[in-house]
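**Q** Return a 3D structure for these sequence lines:
(one chain, ligands or ions: 1)
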Amino acid sequence: MSIKPEISVLFVCLGNICRSPLAEGVLAHHLEEAGLSELVRVDSAGTGSWHVGQAPDPRSIAVAAEHGVELKGYARQVRPEDFFEFTYVLAMDRSNLRNLQDLTYSSGSKASVQLFSNFDPDPHGHPDVPDPYYGEGDGFVPVFEMVDRTCHALAHHFLSELTS
Ligand code: 4NP
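**A** Got it, this is the predicted structure:
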């Protein structure tokens with residue numbers, strides 16, 4: 001079995017306080033369970049700058065904690081270097097994907113910039129992880145379910161990439 005160089009993934013939403021830090025924490029959790037923590041780097045960022053420096057939204061922290069997942073880090077905005085430092089840049093919805101494609105257009109980046117839901121094994125025709133920020137707190141439960149099953153599938157995807 002040959003081991004390829006490190007894989008790195010950046011999750012991107014709008015504010016980097018609800019969806020993408022949740023995906024970062026959940027994937028890190030699944031990677032740890034799969035023994036892949038040292039081989040895959042995980043981070044998150046926002047296309048917007050409103051919440052830079054803030055901790056994840058308490059509702060994301062709570063739904064993660066209910067499943068034994070700790071969220072770490074502080075919000076930051078996507079930067080041009082991200083498209084060269086990460087092998088995967090995954091947008092939580094189509095609006096953020098369009099913004100990322102504008103940012104990386106003609107940059108020469110080889111990063112795989114695509115929708116997070118492309119890795120959802122059970123997408124039900126929903127390409128977007130819905131933005132739960134303005135809704136009632138219960139919007140975080142379906143967001144967690146989508147993020148969790150997709151990150152589980154991502155961990156398996158990375159395992160096969162690392163061992164193929
Ligand atoms: P996120 O959620 O993109 O999942 O972090 C949001 C957080 C903040 C805002 C919108 C979405 N906002 O408009 O401030």
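**Q** I'd like the mean pLDDT over the helix or strand containing Leu10, please.
**A** Element membership for Leu10 (DSSP states H and E) is strand 7-13. Regarding strand 7-13, the rounded mean pLDDT is 98.
**Q** And for stretch 38-50?
**A** Confidence for stretch 38-50, expressed as mean pLDDT, is 97.
**Q** List of residues touching it?
**A** By C-beta atoms under 8 Å, 6 or more residues apart in numbering, the surrounding residues in contact with stretch 38-50 are 3, 6-17, 20-21, 23-24, 27-28, 31, 52, 73, 75-79, 82, 86, 96, 99-100, 103, 158, 162. Yep, even glycine has a C-beta here, placed from its N, CA and C like the rest.
**Q** How about stretch 53-61?
**A** Here stretch 53-61 has contacts from 17-19, 21-22, 25, 71, 73-76, 132-133, 137, 140, using C-beta under 8 Å, 6+ apart.
**Q** start to end distance for that stretch?
**A** One end of stretch 53-61 sits 16 Å from the other (C-alpha to C-alpha, to the nearest Å).
**Q** Any buried residues in that stretch, and which?
**A** Buried residues in stretch 53-61, defined by neighbour count with 16 or more other C-beta atoms under 10 Å: Pro56, Asp57, Arg59, Ser60, Ile61.
**Q** can you list the weak-confidence ranges in the chain?
**A** 1-5 (pLDDT under 70).
**Q** who touches the helix or strand containing Ala28?
**A** Per DSSP H and E, Ala28 falls inside helix 19-33. Outside helix 19-33, the residues that touch it by C-beta under 8 Å, 6+ apart are 9, 11-13, 37, 39-40, 42-46, 56, 60, 63-64, 67-73, 75, 90, 92, 116, 129, 131-132, 143-144, 147-148, 150-152, 154-155, 158.
**Q** so that helix versus strand 7-13, what angle?
**A** 150 degrees (axes from the mean of the first three to the mean of the last three C-alpha atoms, to 10 degrees).
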